[in-house]
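Peer 1: Can you look at this prediction? I've put the sequence above it.
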Amino acid sequence: MENVFVMDHPLIQHKISMLRDINTGTNEFRRLVEEIGILMGYEALRDLPTEEVDITTPIEKCKAAMISGKKLAVIPVLRAGLGMVNSILTLVPSAKVGHIGLYRDPVTHEPHEYYCKLPESIGDRIAVVVDPMLATGGSASAAVDFIKQKGGKNIKFMCIIAAPVGLEKLRKDHPDIQIYIGHMDRELNENAYICPGLGDAGDRIFGTK
Ligand code: PRP
Ligand code: URA
């Protein structure tokens, strides 16, 4: 599928299985989300442009590759996306951080915005939107809408677990973005939770339930 990248690395799969476990506590859950985010970020940033620069090693002068020009913004969808911010900052410490606050209405499952603050000149940056869960796709699609409204053009979306219906919606609404998925799950249940999933990602990261 064009622009969709589903991870198959055993380390990522192993850590996602540990995340799913109902017996995994808040501390370990948070650590695993961050680790998975680093492993996925490594893949998602594979196409960063590089340029040759002059370097002097202890032996001689040489040309060597460095990441060029393009600046990065990591944009978590609140709350659960916050768990993946440090993953990207570990890889690219100079990245700026934007925030998009969305919650799903418990009855309609429609996303509601309560906060949006993005770095300046978002159009000149690669925007990496992070949220562990892609369920109906409403939140992810709305988040990408906001970024595009503010001028964002080069957008990647990274999630740990996706449901087929959510992926379909995000691809249909935003065929131009690249989507990175840790694992494709089976379906949504009647409450629009991903099955088998891992439960409520925000609650498990922040220990609110
Ligand atoms: C969760 C999750 C996504 C959204 C996915 O957030 O982190 O943002 O649901 O569902 P969707 O694809 O059907 O829109 P939630 O609304 O529970 O908010 P929270 O992170 O603050 O708990
Ligand atoms: N949000 C979550 O946190 N989990 C799901 O399964 C669906 C939406």
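Peer 2: Structure's in. What do you need? Ligands and ions are numbered 1, 2, ... in the order given.
Peer 1: got a list of what the closest residue to residue 104 other than its chain neighbours touches?
Peer 2: Spatially, and ignoring its direct neighbours in sequence, residue 104 is nearest to residue 111 (5.9 Å; CB to CB, 6 or more residues apart in numbering). Backbone N, C-alpha and C define where each C-beta goes, glycine included. Neighbour list for residue 111: 102, 103, 104, 105, 138, 139, 142 [criterion: CB atoms under 8 Å, 6 or more residues apart in numbering].
Peer 1: Is it correct that the third one is in contact with residue 110?
Peer 2: Yes. Counting by CB atoms under 8 Å, residue 110 is a contact partner of residue 104 at 7.1 Å.
Peer 1: These two: who's more crowded?
Peer 2: residue 104 (16 against 13; other CB atoms under 10 Å).
Peer 1: gap between residue 199 and residue 124?
Peer 2: 38 Å (CB to CB, to the nearest Å).
Peer 1: oh, I was asking about residue 29
Peer 2: 35 Å.
Peer 1: Just the buried ones from the contacts of residue 111?
Peer 2: Buried subset of those (neighbour count, 16 or more other CB atoms under 10 Å): 102, 104, 138, 139, 142.
Peer 1: and residue 183, what does it touch?
Peer 2: Residue 183 neighbours (CB under 8 Å, 6+ apart): 6, 7, 12, 13, 16, 160, 161, 162.
Peer 1: didn't the first one look like it was pressed against residue 181?
Peer 2: Yes. Between residue 6 and residue 181 there is a contact at 4.8 Å, judged by CB under 8 Å.
Peer 1: Which one's more surrounded, these two?
Peer 2: Ranked by neighbour count (other CB under 10 Å), residue 6 and residue 181 place residue 181 first, with 20 against 13.
Peer 1: what about the more buried one, is that helix, strand or coil?
Peer 2: The assignment at residue 181 comes out as strand when based on DSSP: H, G, I helix; E, B strand; the rest coil.
Peer 1: how far away is it from ligand 2?
Peer 2: Distance, residue 181 to ligand 2, by CB to the nearest ligand atom, to the nearest Å: 14 Å.
Peer 1: name the helices or strands packed onto the helix ranked longest in the chain?
Peer 2: Of all segments of type helix in the chain, defined using DSSP state H, the longest is helix 26-44. Judged by 3 or more CB pairs under 8 Å, 6 or more residues apart in numbering; DSSP states H and E, the packing partners of helix 26-44 are helix 10-20, helix 85-91, strand 125-130, strand 154-162, strand 178-184, helix 201-206.
Peer 1: rerun at 7 Å
Peer 2: helix 10-20, helix 85-91, strand 154-162, strand 178-184, helix 201-206 (3 or more CB pairs under 7 Å, 6 or more residues apart in numbering; DSSP states H and E).
Peer 1: could you dump those to JSON lines with distance to ligand 1?
Peer 2: Formatted as JSON lines, the helices and strands packed on helix 26-44 follow (distance: least, CB to the nearest ligand atom, whole Å):
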{"stretch": "helix 10-20", "distance to ligand 1": "13"}
{"stretch": "helix 85-91", "distance to ligand 1": "13"}
{"stretch": "strand 154-162", "distance to ligand 1": "8"}
{"stretch": "strand 178-184", "distance to ligand 1": "12"}
{"stretch": "helix 201-206", "distance to ligand 1": "3"}
